[in-house]
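> dropping the sequence and predicted coords here.
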Amino acid sequence: MGKKEPDNLQVTCPCCQAKLVVDAVFGAVLSHEAPVKAGPNVDLENAQGILAEQRRQREDKFADSFFQETHKEDILAKKFEEAMKKAKDAPAGKPIRDFDLD
């Protein structure tokens, strides 16, 4: 009983300024306390512009998704044609069998 356990280390993360308590013997993080983050600095006069921009971004994403979904067959057909061209241009090699991999 002559050995005294070393105290835990209290460390501040240089990246995010979080406070960590680390066990000195094992090097394991015992606890983590995230730093308090300040709220967004938004001017309420610009809030309508921000909301309009977000609405425009949502509508653009929806329109793009709708276009992709409505033309899915055409896109897949073109991808298939391109893969067929690559397959025709590629030299025919010996197929790999499961037995060959052992």
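Structure's in. What do you need?
> which residues in the protein form strands?
With strands called from DSSP state E, the chain shows them at 9-12, 19-22, 29-33.
> deepest in the core, which of those is it.
By mean neighbour count, with neighbours taken as mean count of other C-beta atoms under 10 Å, strand 19-22 ranks first of those at a mean of 14. Yep, even glycine has a C-beta here, placed from its N, CA and C like the rest.
> remind me what it packs against, helices and strands.
Under the contact definition 3 or more C-beta pairs under 8 Å, 6 or more residues apart in numbering; DSSP states H and E, strand 19-22 sits against strand 9-12, strand 29-33.
> neighbouring contacts of that strand?
8-13, 28-33, 35 (C-beta atoms under 8 Å, 6 or more residues apart in numbering).
> for the residues you listed, work out which two are farthest apart.
The span of the contacts of strand 19-22, defined through C-beta to C-beta, is set by Ala28 and Pro35 at 21.1 Å.
> for the protein, which spans come out with low pLDDT?
1-5, 102 (pLDDT under 70).
> one more time with 80, if that's ok
Counting by pLDDT under 80, the chain contains low-confidence ranges at 1-6, 39-43, 90-96, 98-102.
> check it for its longest helix and report it.
Among the segments of the chain that qualify as a helix by DSSP state H, the longest is helix 47-70.
> can you tell me how far Glu69 is from Arg58?
Using C-beta to C-beta, to the nearest Å, one gets 16 Å for the distance from Glu69 to Arg58.
> go on, Val22?
Separation of Val22 from Arg58 (C-beta to C-beta): 44 Å.
> got it, and Asp43?
As defined by C-beta to C-beta, Asp43 lies at a distance of 22 Å from Arg58.
> with Val21 instead?
43 Å.
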